[in-house]
Structures are given as C-alpha cells and as structure tokens.
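Enquirer: With the sequence up front, the predicted model follows.
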Amino acid sequence: MKFQSRSKISVCCLFLLFAPLLISAQGVSDLDEETFRKVLQSHREFISIPNLPANPELMLKNIDWVAQKYEALGFKTTKLSSETLPILLTEIVYNPDFKTVLFYFQSDGQTVFADAWDHEDTFKPVLKAPSADGNWQVLNWDQLNGKIDDEWRIYARAAADDKAPITMFISALEQLKRNNQSPTFNIKVIFDPEEEYSSTALLSTLDTYQERYQSDYFIVMDGPAHTSNRPTLTFGCRGIAFCDITTYGAKLPQHSGHYGNYSPNPVFSLANILSGMKDASGRVLIRDFYRGVRITPEINEVLQSVPFDSMALNEELGIFTSEKVGDSYQKALQYPSLNVRQIGTSWKGQKLKTVIPEYATANLDVRLVPETDGAEQLEKIRKHLQREGYYVIDRDPTDEERLSNRRIVRFDSRTSVNAFRTSPDSDFGWSIRSSLTRDFGENPIVIRMMGGTVPIVPLINQLNVPTIIIPMVNMDNNQHSPNENIRVGNMRQGISICQSELQSKL
C-alpha cells in the first residue's frame, strides 16, 4: 500500500538514520524566552484591536498592523479593493525558480456576547493560569518576565481564531530571518476580513484578482489541532447545502378541542417524512445518498492512524452510542450527512397555545464530501418525497391544490459550497508531512476530511491547486464562544510548525 510504504520507509527510516543531520541543517530552532516573551506581548497588542467587520475603521487598523509586520520582513503589501473591506495581499519572491505557496488567514472575529464572558472587555486580553480547583486565575502580564508556563492561556476574542496563527506565522518568518535562513519557496499571503461572515469581500474578488492569487500550492492556516495537540494536517473539508421541508394542515391554526381528530396536524406529517429518511442506526435511506463514496484499504489506514477513543467521546457528548454510518468518527466524516437543525410551526410565542398549527417546517442541512454535489444531493431528497407520494412544490399551495391533494410538501433548496480534498498521498502532502516528521520526531496527525465547512472553498476550487489546512490552536479554545483563549504552549509549538512548513522541500 502506498501510504504504508512511503510513511514507514521514506519518512520513518530516513528520519531515524539522518534526523540529527537534517535538524541541524534545516530543522526548526527554538525561541529563547526573551524572544517568546516579545511574541506574546506582540500578540497581546494585536488582539487588543477589535476586529468586527461592522467597524470598518478598526478593521483597517488590523489590516495596517499586519501589513507593517510583513513590510518589515521585506514583503510587498497591497490592499485589493472588494465589495466591502479591502483584501490584504503580501508577497515576496526569494528565488524566481522556486514554487509559490499561497497562505490564507482570516483577520476578522466572531460576534461578541459580552455578558457571557468572565471578564469585562472581550478585546482586552487577560492572562490566566489553571488553579488547583479547576478554575482559572488571572495573572499580571508582568509575570511573563519570569518563567513562562505553557499551560497559561490568553483570553480575548480572536485570541485563537484566527489571530494566533497570524502571530505564529509572522514570528516564524522573523525567526528564520534572525538565523539568516529563508523559506524554500516564494510566498503570497491573503487576509480575509470577513471569514466569519461568509467571506463576502474575498469571494467578490475571485474573478478580478485570480491571477494575483495564483500559486502552485495553497495552505489555509485556521482551525484547532487534534485533541492530542500533536502537529496536525487536514487535507479536506466537507461542503454544505440547505433545504426546508414544509407540510400543511388547515389554512389557519385551529382550536385543538374543536378540531382535534378532524383537522390534520402537519407536525405528524412532517415527523413521518423525517423518520422515513433515516433508519434506527442513523443511516440515510434516501436512494443513492452515499453513491460514489468508497473506503479503500489505503484510505482506511489513513483514517485509523488518527488517535480516537469512542468511549471518551461518547462520554463527553453524553450519548449511549453513535450513529453507524461509519465504525469510527473519522470514517463517519467521509460520508455525506443529513441533519435536521430546526423544526418550527406557526406559533412561536412564549406561552403554549392549544392549537393545531397550519404548517410545520423542518430546516435541514446536508454536509457534502467530494464525491457528492450539493445540487444533486438536494434533488435526491426532492425525488424521495415524490416517491413517498407527496405532491412537491416550491411555494405555498393554492386553495385548489389543497383540495386536490392529500399529501402536499413545499420543498425549498439552496446550495452553499461543495467539499474539497487533496490526497494525503500527493507530493505536496508528503513534503509537508516529511518536514513535520523530521522536525518533531513523529508523524503528524493526518485528517483526510474535517467535518466543518470553510467559506473559501470557492476560492480553493477556482485556484485548482493542491490545498492543505494546517490547524494549530488548542482544541478547547472556545472558538466562536465566550471566553475564547489560546494556550501559550500552542503559540510556542505553532511557531515551530510554521518554521517547519516554511522549510519544506516542494
């Protein structure tokens, strides 16, 4: 098998034989405490600048902060105009004969719900240490002047997502420059100012600036590492599509006393539809829903290489058992999924009413894999409804249709983005994997497909070059939630990961 032979012979054996030579020649160099202290203070300064796109002035301040860092490293910086906020592009050519790698970061942050945080100002970074009782103790920033504990954390919005990777990457470039080293490829970097808001700005520039974004390879610097905190490489992400299914009763809500047992309740019709879409083990029953997905022995080896404890995960989730689409978490992610994310009826008031609602709606999302197209998956659902005997329309029924059809369903569909995946066994994948194995002494965690969807998949698909996601922040960073944080040890390791990838042989 290719995966096994290359990983065990090309990487592991060569690493054991020549690791000292390779590391001394090209490996990462640890930051001394004084330099790392300056990195953490720089990160503190950066995350003190609020980065919500609703405030364009402050977003421009974030963009300028990053641009100044890159200009100091000799990069050319350009602000590309978009429909909303500008896209910062930084670029440098070390050697015209080198390959070019495009890196992606987001510079915006998630919405803040200040009342849910443990400190007053969500954009005023707070340094904390774990205490014996399991809580977190606030530290004075002056304590950075002593021994720095990797278990300390910096709390603030965007401390992890995604300003931590921005700081890590800049720090790695600075460290290489101090050591009179340079990357083994030319670099372009783009900063997305609206990733948390569907990447509207960046996606509006694809046709205009596609040539400026063109590269040989693409690396997305975002997301949390594996729970083990080992260096992690992710080679794809699922896409997503949406649909709504609405069933109907009477034209107006009816009193459940006067019309119970007479006027049909659309909630039960909807429940019958939904229950017929999955079996008791969680497998989707819609015809051809999993068509094209095949787990070969080689793929299965990659999936099984990811550390996984099903009992621990089930305990954390509070579930008796998982669905049986795959026999492990990683395998489950290789298949498209069907999820009911919300169910609603006509009455949404605070107090319950004894009514038979006039309609019931289920809002669904479909997670996609590269073998499945969003529009085709939604069409399979529509045809499933027709085979079940429903009169399927894309609007509310007319009075005539209500009187002529016993089973009416409104089906509204919209696709979002399809999935992408680069083979972990590609030359690009092996170059990055080999560098991390060389510099960290063990193979990185290889994730073939992550469960979530990144909004920049249209950019990935338009560039049509091998793409890898490199996540570096701690898994428990409270991303998008109150008390977002970055573990100090992940900052230190992330800088080393960036150094390693910057010296990959492409």
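Expert: Structure's in. What do you need?
Enquirer: can we go C-alpha only for contacts and neighbour counts from here?
Expert: Will do.
Enquirer: quick one, domains of this structure?
Expert: 2-235+434-502, 239-293+335-417 (automatic domain parsing).
Enquirer: Any chance of CSV for those, columns distance to residue 305?
Expert: Below are the domains of the chain laid out as CSV (distance: least, C-alpha to C-alpha, whole Å):
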stretch, distance to residue 305
domain 2-235+434-502, 7
domain 239-293+335-417, 18
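Enquirer: Residue 323: which of those domains is closest?
Expert: domain 239-293+335-417 (4.9 Å; C-alpha to C-alpha).
Enquirer: contacting residues around residue 87?
Expert: If you count contacts by C-alpha atoms under 8 Å, 6 or more residues apart in numbering, residue 87 has them with 79-81, 190-193, 201-202.
Enquirer: what is it paired to in the beta sheet?
Expert: residue 80 (DSSP bridges).
Enquirer: Could you check how far it is from residue 78?
Expert: To residue 78, residue 87 is 8 Å away according to C-alpha to C-alpha, to the nearest Å.
Enquirer: Repeat that for residue 114.
Expert: Distance from residue 114 to residue 78, counting by C-alpha to C-alpha: 34 Å.
Enquirer: Now residue 454: which helix or strand?
Expert: Assigned by DSSP states H and E, residue 454 belongs to no helix or strand.
Enquirer: Surely it is in contact with residue 237?
Expert: Yes - contact criterion C-alpha atoms under 8 Å: residue 454 and residue 237 qualify, at 7.2 Å.
Enquirer: Residue 116 contacts residue 484, correct?
Expert: No - using C-alpha under 8 Å, residue 116 makes no contact with residue 484, being 11.1 Å away.
Enquirer: For these two, indicate the residue with more neighbours.
Expert: Using other C-alpha atoms under 10 Å, the more surrounded residue of residue 116 and residue 484 is residue 484, with 21 against 12.
Enquirer: now that one: how far from residue 478?
Expert: Counting by C-alpha to C-alpha, the gap from residue 484 to residue 478 is 5 Å.
Enquirer: again, but for residue 402
Expert: From residue 402 to residue 478 the distance is 48 Å (C-alpha to C-alpha).
Enquirer: Repeat that for residue 310.
Expert: For residue 310, the distance to residue 478 - C-alpha to C-alpha - is 22 Å.
Enquirer: Same question for residue 202.
Expert: Counting by C-alpha to C-alpha, the gap from residue 202 to residue 478 is 26 Å.
Enquirer: Tell me which of those two has more neighbours.
Expert: residue 202 (27 against 16).
Enquirer: circling back to that earlier point, out of residue 454 and residue 237, which sits in the busier spot?
Expert: residue 237 (28 against 23).
Enquirer: check contacts around the more buried one.
Expert: 369, 419-421, 449-454.
Enquirer: which of those tops the neighbour count?
Expert: residue 369 (28 neighbours).
Enquirer: Tell me the pLDDT of residue 436.
Expert: Looking at residue 436, its pLDDT stands at 97.
Enquirer: hang on, isn't it packed against residue 501?
Expert: Yes - if you go by C-alpha under 8 Å, residue 436 and residue 501 touch, sitting 7.2 Å apart.
Enquirer: The two: who's more crowded?
Expert: The neighbour count for residue 436 versus residue 501, taken as other C-alpha under 10 Å, is higher for residue 436 (27 against 22).
Enquirer: Helix or strand: which one has that one?
Expert: helix 427-440.
Enquirer: ok, then the element right after that helix?
Expert: strand 445-447.
Enquirer: after that next one, next one along is what?
Expert: With DSSP H and E, the next secondary element past strand 445-447 is helix 457-463.
Enquirer: for that following helix, the distance to its chain's centre please.
Expert: Distance, stretch centre to chain centre, for helix 457-463: 15 Å (C-alpha atoms, centre = their mean, to the nearest Å).
Enquirer: so what does that helix touch, helix or strand wise?
Expert: Applying 3 or more C-alpha pairs under 8 Å, 6 or more residues apart in numbering; DSSP states H and E, one finds that helix 457-463 contacts helix 206-213, strand 420-421.
Enquirer: same thing but 7 Å
Expert: Using 3 or more C-alpha pairs under 7 Å, 6 or more residues apart in numbering; DSSP states H and E, no helix or strand is in contact with helix 457-463.
Enquirer: Can you name the next helix or strand after that helix?
Expert: Heading C-terminal from helix 457-463 (DSSP H and E), you reach strand 467-469.
Enquirer: Name the surrounding residues that touch that next one.
Expert: With contacts defined as C-alpha atoms under 7 Å, 6 or more residues apart in numbering, strand 467-469 is touched by 217-222, 233-236, 422.
Enquirer: one more time with 6 Å, if that's ok
Expert: Strand 467-469 is contacted by residues 218-221, 234-235, 422 when judged by C-alpha atoms under 6 Å, 6 or more residues apart in numbering.
Enquirer: Helices along the stretch 151-300 of the chain, start to end?
Expert: Along the stretch 151-300 of the chain, counting by DSSP state H, counting those that start in this stretch, helices occupy 163-178, 200-203, 206-213, 256-259, 266-275, 297-304.
Enquirer: would you turn those into JSON lines with mean pLDDT and distance to residue 110?
Expert: Listed next are the helices of the stretch 151-300 of the chain as JSON lines, based on pLDDT from 0 to 100; distance: least, C-alpha to C-alpha, whole Å:
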{"stretch": "helix 163-178", "mean pLDDT": "97", "distance to residue 110": "12"}
{"stretch": "helix 200-203", "mean pLDDT": "94", "distance to residue 110": "15"}
{"stretch": "helix 206-213", "mean pLDDT": "95", "distance to residue 110": "24"}
{"stretch": "helix 256-259", "mean pLDDT": "96", "distance to residue 110": "43"}
{"stretch": "helix 266-275", "mean pLDDT": "97", "distance to residue 110": "33"}
{"stretch": "helix 297-304", "mean pLDDT": "95", "distance to residue 110": "31"}
